[in-house]
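S.K.: let me see the structure of the following:
(4 chains)
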Protein chains: 2
Amino acid sequence: MDERKKQILKAIVDDYVETAEPVGSKSLVERHQLKYSSATIRHEMAELEEMGYLEKPHTSAGRMPSDLGYRAYVDNMLSLPEISHKEAEGIRDFLLKNLDEARELIERAAEYLAGKTNYLSVALSPQYSDSSLEQIKIMMIEPGRAIVVLVLSAGVVHDRLIRIPAMIDEKQLSSIGRAVERCLAGKKLDDITLVTISSAAGETGLPEALDNQVLFEAYVAIKQTEKIEIFMDGRHHLLNQPEFRDLDRANRFYKAVHQEQMVAGYMMEMKQAQEEQLAQGCDWDLDCLEAVESEEESALSVRRTRPSYMVRIGQEIALEGMEDMSFITTTYRIGQKISGQIGVIGPKRMQYGKIISQISFVNKALMEAAGEHYGRQDQDSGMSGQEEKRTEGQS
Amino acid sequence: MDERKKQILKAIVDDYVETAEPVGSKSLVERHQLKYSSATIRHEMAELEEMGYLEKPHTSAGRMPSDLGYRAYVDNMLSLPEISHKEAEGIRDFLLKNLDEARELIERAAEYLAGKTNYLSVALSPQYSDSSLEQIKIMMIEPGRAIVVLVLSAGVVHDRLIRIPAMIDEKQLSSIGRAVERCLAGKKLDDITLVTISSAAGETGLPEALDNQVLFEAYVAIKQTEKIEIFMDGRHHLLNQPEFRDLDRANRFYKAVHQEQMVAGYMMEMKQAQEEQLAQGCDWDLDCLEAVESEEESALSVRRTRPSYMVRIGQEIALEGMEDMSFITTTYRIGQKISGQIGVIGPKRMQYGKIISQISFVNKALMEAAGEHYGRQDQDSGMSGQEEKRTEGQS
DNA sequence: TATTAGCACTCGACGCGCTCGAGTGCTAAT
DNA sequence: ATTAGCACTCGAGCGCGTCGAGTGCTAATA
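M.R.: Numbering: from 1, shown residues only, chains lettered A, B, ... in the order given. The predicted structure is shown next:
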């Protein structure tokens, strides 16, 4: 694809993104002060169409980008605007002000992203499978009930209420607790199984069946930690999109969005795909090989750093009902082992550059904030003393 | 309003609810085998319109119910269908199967309700302000961090991670913990203030400033407990409603729904209103005085039991963007002191009888399930032995 | 007096044909 | 290789007539 075609394709995408109307050769020349006549542009457009980058809704209409066109745009002609300093200030406050629980942090990141982009934001809670268990404490609440507190590497704390046999007393419980800790401490969550944990039985002098009941509950508590939550915000924004004038479409889409587990699964798949790409050390535009046949200008590609986001466009999204959308995600990390996903779903006709900038930015801010909140000294956190500011107002 | 008018109004509401089209005199006679001619019905309809129960979209169109019409329908001509036994079985399972945290219970109730009604369901987490603190434990996690575990009356457990001065050791911490418990145990959450709690300072031998820092965090943890969460499900169902053919309407509505705090606040207001009504011991149709002028047939009213649900119709809903909807809520209770709200938002053109039945039913099931889950022996719970069934499957 | 048959009238929905204009592709000239 | 010119396409928008389900009113009837 020669330079002029690129320029034209970019112009078409830009216009179409803005107006949501098929763009014609004449208006394109006008709006972009191209130094060719509309007839020439028409020629080029016809070729771009043949190559698969453009589509026409009907014979005498203007062109709009195809999935492949968007793909090429995203891979080759993206410009990522800088985020202003003012905004950078704002988000930090937004994320950390009056922050209570860790889960709220990711929730807020999603909220912020939805507000900024005016699209639907989606975030997955951190995935802990790779991190290891540092402490486990079991504490009696009253006969028959106890609370399990887990401390993971990177200082993340989880807990869960469990039922225990009523005849177990506080002493016995804490001795089970110590036994469990001894046998599991340092293990990766993934590696903890019912078998591993049951080797901690037999310390209380109680029948093993009772021990095992507690151990089982502790096990469930640990596994519970690996459960992934999904947060969404900004569903309502998409209703404003002209593509959703068509209510059937909107319906299908929102039904898809309602399948939260599906969406979460798909996001993890995207993460996976991203990691594989990274592992292969391949060129950053691997996933658009079809689009870029020419190797000669890869000089330009090489200069760019590998993007840390992942874009799925239209049909590329393997989720029923999302064929008309684009899905951009990025992976956030807390410490070495813990990671999650945050992203945005919007119409294919999306301001990719702006949105990707924002996602990347929110991602960065989220990671910093997590550092401060979960934070420990051994983390990268830039915390200045341990009294973090917290305003007094409570609801 | 005479019997015939009632019958006609009921018929019109029923038809309109079903078809979403203005209903005319002729089709009304046909569909309901009324023993009057369409001319007579037209007469009555004209009068009903004059009285404010009906509206016409334009001169030559059929009638549709006004807010007042719906109000009268709900207050005077509602029939609540029974819930089938099969369904009753299903919901219990749905609520309790693989249940992990308490918050998930209410979430599931909302989910179930949305699925059954095909409307938007809304639920508020339990409000604990009236319940009292039974235990409070502070447990060290690592230097600088601790976890506060609160046990409320009715056996509800909450906890929260806090930061503490790094120089406080385990012993000192638990002595602060005991002091706090001594000074707060049995107190109503509402009555606990920073002043109350700070009287527990000075037991560790540490400078009071350090004590106070921990106490403040404990205080925040307690207040945190009173925070109300809101759960919604089934937003997408409403897009299917013909009233949302009009995208502007849909937009305004979904924007309103997005203001979750507003919705939550309004639900609490509805709860308040309901309780006041109850307290006054007034007739159940107090809130529709305008609609019912005649006193003579109040015999019928008296025979009915006071409804435990609250219905707000159209303009009655004081939330910007919800003027075209109806909002039905009911209050669930856990133990004596703890209560929350669960309800449904749908179009005014709603199958009131069916929906109210379902809400009441889900409410009942939710209360039973809560009894079992939070449950204690001193509660009403019907638990048979303490091993509740829990399937092994974990994600 | 309450009910009804009859009738003129209203108004939105629908289908038809027309024009308009922004778009196209093709061809021939530069 | 580029462009001016031209015939063609097709959706959007508008006006118009028809159709039918609805109305209100009036006069006749039980």
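
S.K.: hey, where'd the strands end up in the stretch 151-300 of chain A?
M.R.: Taking DSSP state E, counting those that start in this stretch, the strands of the stretch 151-300 of chain A run over residues A:157-163, A:230-233.

S.K.: using JSON lines, please lay out these together with distance to DNA strand D.
M.R.: Bear in mind the C-beta positions are built from the backbone N, C-alpha and C, glycine included. Below are those laid out as JSON lines (distance: least, CB to the nearest atom of the strand, whole Å):
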{"stretch": "strand A:157-163", "distance to DNA strand D": "54"}
{"stretch": "strand A:230-233", "distance to DNA strand D": "32"}
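
S.K.: out of the ones you listed, which comes closest to chain B?
M.R.: Shortest separation from chain B across these is recorded for strand A:157-163, at 5.4 Å, computed as CB to the nearest CB.

S.K.: returning to that earlier point: with mean pLDDT added, can I get the strands of the stretch 151-300 of chain A in TSV?
M.R.: Shown next, in TSV, are the strands of the stretch 151-300 of chain A (pLDDT from 0 to 100):
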stretch	mean pLDDT
strand A:157-163	91
strand A:230-233	98
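
S.K.: these: which one's closest to DNA strand C?
M.R.: strand A:230-233 (35.2 Å; CB to the nearest atom of the strand).

S.K.: ok, and the closest non-adjacent residue to the residue in the stretch 101-250 of chain A that DNA strand D sits nearest to?
M.R.: Sorted by distance to DNA strand D under CB to the nearest atom of the strand, the residues of the stretch 101-250 of chain A start with residue A:245, at 10.3 Å. Taking CB to CB, 6 or more residues apart in numbering or on different chains as the measure, residue A:245 lies nearest to residue B:247, with 6.8 Å between them; neighbours along the chain are not counted.

S.K.: distance of that neighbour relative to residue A:347?
M.R.: Distance, residue B:247 to residue A:347, using CB to CB, to the nearest Å: 15 Å.

S.K.: and what of residue A:270?
M.R.: Distance, residue A:270 to residue A:347, using CB to CB: 18 Å.

S.K.: then residue A:39?
M.R.: Counting by CB to CB, the gap from residue A:39 to residue A:347 is 31 Å.

S.K.: look at those two and report which has more neighbours.
M.R.: Between residue A:39 and residue A:347, counted using other CB atoms under 10 Å in any protein chain shown, residue A:347 has the larger neighbour count: 18 against 10.

S.K.: dihedrals phi and psi, the more buried one?
M.R.: In this entry, residue A:347 is assigned phi and psi values of phi -70, psi 150 (degrees, to the nearest 10).

S.K.: show me what contacts it?
M.R.: The contact partners of residue A:347, by CB atoms under 8 Å, 6 or more residues apart in numbering or on different chains, come to A:119, A:238, A:241, A:243, A:324-326.

S.K.: of the residues you listed, which pair is most distant in space?
M.R.: Comparing all pairs in the contacts of residue A:347 by CB to CB, the longest separation belongs to A:119 and A:324, at 13.3 Å.

S.K.: settle it for me: which of those two has more neighbours?
M.R.: residue A:119 (27 against 19).

S.K.: for residue A:257, give its distance to DNA strand D.
M.R.: Here the criterion is CB to the nearest atom of the strand, to the nearest Å. By it, residue A:257 lies 27 Å from DNA strand D.
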